[in-house]
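1. Give me the fold of what follows.
(chains A and B)
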Amino acid sequence: MTKTKTFDQFSRRQVLAGVAAGGAFAAAGTLGVPHIARAADPVKVGVVHPVTGFLQFSGTQCRFGALAAIEEINAAGGIKALGGAKLEAVLGDAQSKAEIGAAEVEKFNEAGVSAIVGAYASGICLATTQAAAKYGIPHVVDVGVNDKIVGRGLENTFRFGPGFGSITKAGVDHLIAINDAAGKPTKSVVIVHENTTPFGSFMAGLLEKNLTPAGFEVKEVLPHPTGNKDFNNIALKIKEANPDLVIPSHYYGDGVLFLRTLQRQRVKPKAIYSVLGGASSQYRFVNEFPDAAEYVMDCNHWFDPRKEAAQALRKKTEAAGKSFSYEVFLAYEAMMFAADAMERAGSADRAKIIEAMASSNWSGHFMPYGPTKMVNGQNEGAQAMVMQVLGKDIEVVAPKEFATKAPVFPRPA
Amino acid sequence: MTGANAQRAGWAILIAALLVAPFAIHSGRWMEFIELTLFAALLGQGWNILGGYGGQYSFGHALFFGTAAYLQALLQYKLGWSPWVTMWFAIGGAVAVGAFVGFLSFRYGLRGSYFALVTLAFAEAFHVLSRSLISVTEGGRGVQLALNQDPEKAIETFQFTFAGPFLSEAGYYYTILFCLLIGFAVTGWLNHSRFGAQLQAVREDEDAAEALGINAFRVKMGAICLSAAVTSLAGIYYVQKFLFVDPGIAYGPGKSVEALFAAIIGGLGTVIGPLLGSAFIHLVGEFAKETIGAMLGDRPGVDLILFGIILVLILAYMPRGLVGLAEVIWKRLSAKKEDGHA
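-> Next comes the predicted model:
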């Protein structure tokens, strides 16, 4: 009988030989043969997100949204102007690092992609759009809200959704309107924000700048790093400052922990009105922690709830065991925007798609934006909405034309 | 051919191959791959000077990378200085931070894990400072440099992305290669100089070295300053290439880990080790991505598991890294040759 070798019976030489052989195989496999494009080829689209690393959750959500869009486009007959050419995703993982994101763009270029959709975080988007510009690859930014991503003179870069400036302005304007309509019950504010990435700090600065002239007293601005392990200290500071209003702005994990800590510490301001709050308008949070979420308001990306396509995507997302978060529908719509530009261009040529994106007046989406109007790469019609968790569901409370319920402000004591 | 001659020939071939790479490789993807490999090798080389030659294992080399990156970016962003001027301040700043940390650590005789923890703590302290000193560092929003798309100003602005065909492809590559060659030169000098011998003596047995009249404090201070200077070159390159730096990029643990991995896997206290280590890490990573990706489809992160397993195997079976392995193979081959002649 032949005896099976156990691992410790392999010599060091054998293990190393195996590793070396693997390396040689890798080199052969990855260098590969050059890609030869054919007329019948599907149209390739680079899909880059941080699907590993500290932004993994959001990156995976984005990837799901982008791939769901491709699946639907292909099921509906592909790009009709190109004879029904199917879209083919070339996947990239930015590993939550800007330099890896830029390297993935090089991979996309070699693969012959006609456009790129991604890359969730602002820091990564800055690098990927710049790398894509080198090759004239149209790049649709799905989430990255930093205003500096667009308007740098990069002709290839487009953002279908709103940026920091526009979201903050909408957040403050709607807050003032809601507060005024309720008889100005809130006057003092504490802002809590993450300060690890460009997102939270920028947001907090803009909020403070806009709230003070509107008559609010900003009592405290409390920063914390992303992945903060304990919000008790911040909750106690809020308790001491006793503001009427708390405005949080951070990523999902911090958002959940922060709101639950407020609940546990019995900190009950008249309202919690977050701006780009990571957890406040996420179905996952509402489902898992309904009591902590109730009455929390959030100015954020949201879809037009009256559109059937939005509800269909929600069902599809939930059927896949995922939460219908902003990452999913923004990446989905970014991909749809890219496909629409391909239809308009009637070509898979990068320059023609860029032209089509720049002059796009797409209205077939389910966002509350109206027809697309790109100015320096930014969709000027894009806007954020205000949601509130009411009756264990997320309702749109502003602007009025999209509202599904009236805001409950201040929240019941 | 004698061992020394073979080594010289090997170096000449390697440097020649690296110099002609942009002419021979017409794939942006592979050029980027090599650039990232050289970048990690440079980080590893910076770490190797202090950790490999000096035996002072730092867990916070991001300190020097980040300080240089921030100074390079901030002086351009806030004062409008030329990148060619700011780079000297970036190097100087990193060396000053190195001297500060080194003085505090070595003056009070911190060694081994204590030194490692102090460097880790300093890197984290700088991480927090860079987030909190918003008026100086722009906080978490980071510093973004203006993008130059005028090919005429590519050299002046130290930005090659949109330069003419050759500079666009090769500008950053030659920048990082030049920096790495400086790293090679420094470690090559350490191999042959009196200072290098003193540093290695301190590494082997600090008390014995002091008994022989070597001023260990002075030698370690020199090593940390040199190490910081070489690491700072990686920070300058990063900022000029990606035009953006934030606290996580600058002082997060990622760069520290990248640096020590390249040096340890390649071979501590050797000139070529960090490059070999970095090349190996990147090749294995790429191999894992391609093969696992092809086999399992959309399974993000599975490639990293295989990558981790291979790294553990290497660390377990090759304590002297890839250079150690190469030496063993070379010795066996030489012994066989001699047996054949006998």
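
2. Figure out how far stretch B:106-116 is from the centre of its chain.
-> With C-alpha atoms, centre = their mean, to the nearest Å as the basis, stretch B:106-116 stands 22 Å off its chain's centre.

3. let me redo that: stretch A:100-111
-> 20 Å.

4. what does stretch A:105-112 give?
-> 23 Å.

5. swap in stretch A:252-268?
-> 22 Å.

6. can you check stretch A:287-303 too?
-> Taking mean C-alpha positions (C-alpha atoms, centre = their mean), stretch A:287-303 and its chain are 17 Å apart.

7. buried ones in that stretch?
-> A:289, A:292-303 (16 or more other C-beta atoms under 10 Å in any protein chain shown). Every C-beta, even on glycine, is put in place using the N, C-alpha and C of the backbone.

8. Please identify which pair of those lies farthest apart.
-> Using C-beta to C-beta, the buried residues of stretch A:287-303 reach their maximum pairwise distance at A:Ala292 and A:Phe303, which is 23.7 Å.

9. Need the buried residues of stretch A:287-303 in CSV (columns: pLDDT, distance to chain B and secondary structure).
-> Converted to CSV, these look like this (pLDDT from 0 to 100; distance: C-beta to the nearest C-beta, whole Å; DSSP: H, G, I helix; E, B strand; the rest coil):
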residue, pLDDT, distance to chain B, secondary structure
A:Phe289, 91, 26, coil
A:Ala292, 91, 25, helix
A:Ala293, 93, 26, helix
A:Glu294, 93, 30, coil
A:Tyr295, 95, 29, coil
A:Val296, 95, 23, coil
A:Met297, 96, 24, strand
A:Asp298, 95, 20, strand
A:Cys299, 94, 19, strand
A:Asn300, 93, 19, strand
A:His301, 94, 20, coil
A:Trp302, 95, 24, coil
A:Phe303, 94, 25, coil
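
10. Spatially nearest residue to residue 200 (excluding sequence neighbours)?
-> Since no chain was named, I'll use chain A. A:Glu194 (3.6 Å; C-beta to C-beta, 6 or more residues apart in numbering or on different chains).

11. my bad, the chain I had in mind was chain B
-> Using C-beta to C-beta, 6+ apart, the closest residue to B:Gln200 is B:Tyr53 (6.0 Å).

12. contacting residues for the one you found?
-> Counting by C-beta atoms under 8 Å, 6 or more residues apart in numbering or on different chains, B:Tyr53 touches B:187, B:190, B:196, B:199-200, B:203, B:223, B:269.

13. tell me the phi and psi of it?
-> phi -80, psi -30 (degrees, to the nearest 10).

14. what does A:Glu395 give?
-> Main-chain torsions, A:Glu395, degrees, to the nearest 10: phi -110, psi 140.

15. Tell me the bridge partners for it.
-> Note on A:Glu395: beta-bridge partners by DSSP bridges are A:Gln388.

16. What's the separation between it and A:Met335?
-> 27 Å (C-beta to C-beta, to the nearest Å).

17. Strands along chain B, start to end?
-> Using DSSP state E, the strands found in chain B span residues B:143-144, B:244-245.

18. in its sheet, what does the first one sit against?
-> Read it as strand B:143-144. Sheet pairing for strand B:143-144, assigned by DSSP bridges, gives strand B:244-245 (antiparallel).

19. just for the stretch 1-150 of chain A, where's the confidence low?
-> For the stretch 1-150 of chain A, the stretches with pLDDT under 70 are A:1-40.

20. Quick test: name the residue nearest the centre of chain B.
-> Against the mean C-alpha coordinate of chain B, by C-alpha atoms, centre = their mean, the closest residue is B:Leu43 at 1.2 Å.

21. Return the distance of the closest residue to that one other than its chain neighbours relative to chain A.
-> Distances taken as C-beta to C-beta, 6+ apart put B:Ala259 closest to B:Leu43, at 3.9 Å, once the chain neighbours are dropped. Distance from B:Ala259 to chain A, counting by C-beta to the nearest C-beta, to the nearest Å: 14 Å.

22. Assess the claim that B:Ala259 and B:Thr231 are in contact.
-> Yes - under the criterion of C-beta atoms under 8 Å, B:Ala259 makes contact with B:Thr231 at 7.1 Å.

23. Between those two, which contacts overlap?
-> The contact lists of B:Ala259 and B:Thr231 share B:43, B:46-47, B:61, B:65, where a contact means C-beta under 8 Å, 6+ apart.

24. just to revisit the earlier point, please identify the most buried of the strands of chain B.
-> Sort the strands of chain B by mean neighbour count, taking mean count of other C-beta atoms under 10 Å in any protein chain shown, and strand B:244-245 sits at the top with a mean of 27.

25. now what about it, what contacts it?
-> Residues contacting strand B:244-245 (C-beta under 8 Å, 6+ apart): A:98, A:123, A:126-127, B:66, B:69-70, B:73, B:142-145, B:238-239.

26. Can I get these in TSV including distance to A:Val140?
-> Listed next are these as TSV, based on distance: C-beta to C-beta, whole Å:
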residue	distance to A:Val140
A:Ala98	18
A:Gly123	17
A:Leu126	15
A:Ala127	16
B:Gly66	32
B:Ala69	29
B:Tyr70	31
B:Ala73	27
B:Gly142	22
B:Val143	26
B:Gln144	20
B:Leu145	24
B:Tyr238	26
B:Val239	27
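
27. OK, now which residue of the stretch 151-300 of chain B is nearest to chain A?
-> In the stretch 151-300 of chain B, the residue that lies nearest chain A is B:Phe287 (2.7 Å; C-beta to the nearest C-beta).

28. circling back to that earlier point, what number of neighbouring residues does the residue nearest to A:Gly200 come out with?
-> By other C-beta atoms under 10 Å in any protein chain shown, 27 other residues sit near A:Glu194.

29. Do I have it right that it meets A:Asp254?
-> Yes - assessed by C-beta under 8 Å, A:Glu194 is found in contact with A:Asp254 at 5.9 Å.

30. what residues do these two have in common as contacts?
-> Common neighbours of A:Glu194 and A:Asp254 (C-beta under 8 Å, 6+ apart) are A:224, A:226, A:228.

31. Any chance of a markdown table for those, columns neighbour count and distance to A:Gly78?
-> Listed next are the shared contacts of A:Glu194 and A:Asp254 as a markdown table, based on neighbours: other C-beta atoms under 10 Å in any protein chain shown; distance: C-beta to C-beta, whole Å:
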| residue | neighbour count | distance to A:Gly78 |
| --- | --- | --- |
| A:His224 | 22 | 47 |
| A:Thr226 | 20 | 40 |
| A:Asn228 | 20 | 45 |
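
32. State the phi and psi torsions of A:Val45.
-> phi -130, psi 130.
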